[in-house]
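Peer 1: Sharing a sequence plus its predicted fold:
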Amino acid sequence: MKVAATVGYWSAGPPADAAKIIQIADELGFESVWTAEAYGSDVLTPLAWWGASTSRVKLGTGIAQMAARPPTTLAMAAMTLDHLSNGRAIIGIGASNPQVVEGWYGVPYPRPLERTREYIDVMRKVIAREGPVTYEGKHFQLPMPGGSGLGKALKSTLHPLRTDIPIFLAAEGPKNVALAAEIADGWLPLWLSPKTSDEFKASLEEGWAREGARHTAETFEVVGGPYSIIVHDDVEAAADWLRPVLALYAGGMGAKGLNYHHNVIAKAGWHEECERIQDLYLAGDKQAAIAAVPTAMVEDFAIIGPMAKVREEIQRWKETVITTFSINTLQTQHIPQLAEFVLG
């Protein structure tokens, strides 16, 4: 079991301890650190800025939204970051959801699995730099047909430090998880739970068994863990910090009938609760939706409570499909001890 650290999303501004968390991860010999983006801060700039003070830890985008950049643009960024970090870049990508893709980026969302496969194909062709990049897919065509008619197949002027930079895929649905196992170098789960680990493992095994799969179970990486770790003597008080997050994801992310987070959380045994939370949230009663999140639901997806309880539950999470345990906490003073629990 390896250890990673997650900085996560920005809200109104940069997370106060982000630079410190990344520095601790580098000093303690963590495998990787990960940043995030939604529709505010981007995922690459913070990673490059804070990563400049590190020398060992791998730098991962968790995640770069595909709709935000053409695959050639993300491949350029990957090669640039890989050079600057001396071969430590990991590019995590994801499809996001229709609300963000069509509402924020103004591009179509349909057929995300098919689009993901093509996106990764193009990225790998750019990074391999074996010749001018041409591609004839349903979603991506290089050079673009039509237009001025002057489009030309090009080869990156930048020579990659590594011609096969790792690409990880964030996925929640069973088909997308299987796709990650088939075509990616790793999987970035969200809302994983020890209760649902076996179901996700079955999807991974389906992907590994496909003809042409890049990896086997022995070489594939799964970087994840509890949504958050909060060390607190009062379990209920700790749960209160995370109820708004679960209410947002289960109730307010996406539309009725099309909310991937809702579906994944519900699969852990919370179908009725998720329906109620979603109904309240979409009706505009966010406070009632937050209050409807049971403490036990929080405990399925996060680790909260006194240090002895935290240590015990980390062992349970180590028995899931994850290969790298990602520590997501704002309590930087506890990171060294949490890492000891993971490695112990």
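Peer 2: Cool, the structure landed. All figures in this text were calculated on a predicted structure; none of them were measured in a lab. Residues are numbered from 1 along each chain as shown.
Peer 1: wait, V293 sits on R276?
Peer 2: No. In this structure V293 lies outside contact range of R276 using C-beta atoms under 8 Å: 9.8 Å. For the C-beta atoms, the positions are set from N, CA and C on the backbone; glycine is no exception.
Peer 1: more neighbours, the two?
Peer 2: Between V293 and R276, counting by other C-beta atoms under 10 Å, V293 is the more crowded of the two (26 against 17).
Peer 1: What are the boundaries of the strands in the protein?
Peer 2: Ranges of strands in the chain, per DSSP state E, are 2-8, 32-35, 58-65, 89-94, 135-136, 141-142, 167-170, 186-188, 221-224, 229-231, 303-305, 324-327.
Peer 1: Just the C-alpha atoms of the longest one, please, in PDB.
Peer 2: Going back to what we said before, that points to strand 58-65. The C-alpha trace of strand 58-65 is given here as PDB (Å, rounded to 0.1, in the frame of the first residue of the first chain):
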ATOM      1  CA  LYS A  58       4.500  12.600  -8.200                       C
ATOM      2  CA  LEU A  59       2.100  15.400  -9.300                       C
ATOM      3  CA  GLY A  60      -1.400  14.300 -10.400                       C
ATOM      4  CA  THR A  61      -4.300  16.100 -11.900                       C
ATOM      5  CA  GLY A  62      -7.400  14.800 -10.100                       C
ATOM      6  CA  ILE A  63      -9.100  15.600 -12.300                       C
ATOM      7  CA  ALA A  64      -8.600  17.600 -15.500                       C
ATOM      8  CA  GLN A  65     -12.000  17.900 -17.100                       C
END
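Peer 1: Let me see the domain layout of the protein.
Peer 2: 2-228+307-343, 233-305 (automatic domain parsing).
Peer 1: Export those as TSV, with columns for mean pLDDT.
Peer 2: Shown next, in TSV, are the domains of the chain (pLDDT from 0 to 100):
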stretch	mean pLDDT
domain 2-228+307-343	97
domain 233-305	95
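Peer 1: List the contacts of L190.
Peer 2: Contacts for L190 were tallied using C-beta atoms under 8 Å, 6 or more residues apart in numbering; they are 170, 172, 224, 227, 261, 264.
Peer 1: The nearest residue to G94 once chain neighbours are set aside and D240: what is the separation?
Peer 2: In this structure, G94 finds its nearest non-sequential neighbour in A170, 3.5 Å apart by C-beta to C-beta, 6 or more residues apart in numbering. Distance, A170 to D240, using C-beta to C-beta, to the nearest Å: 27 Å.
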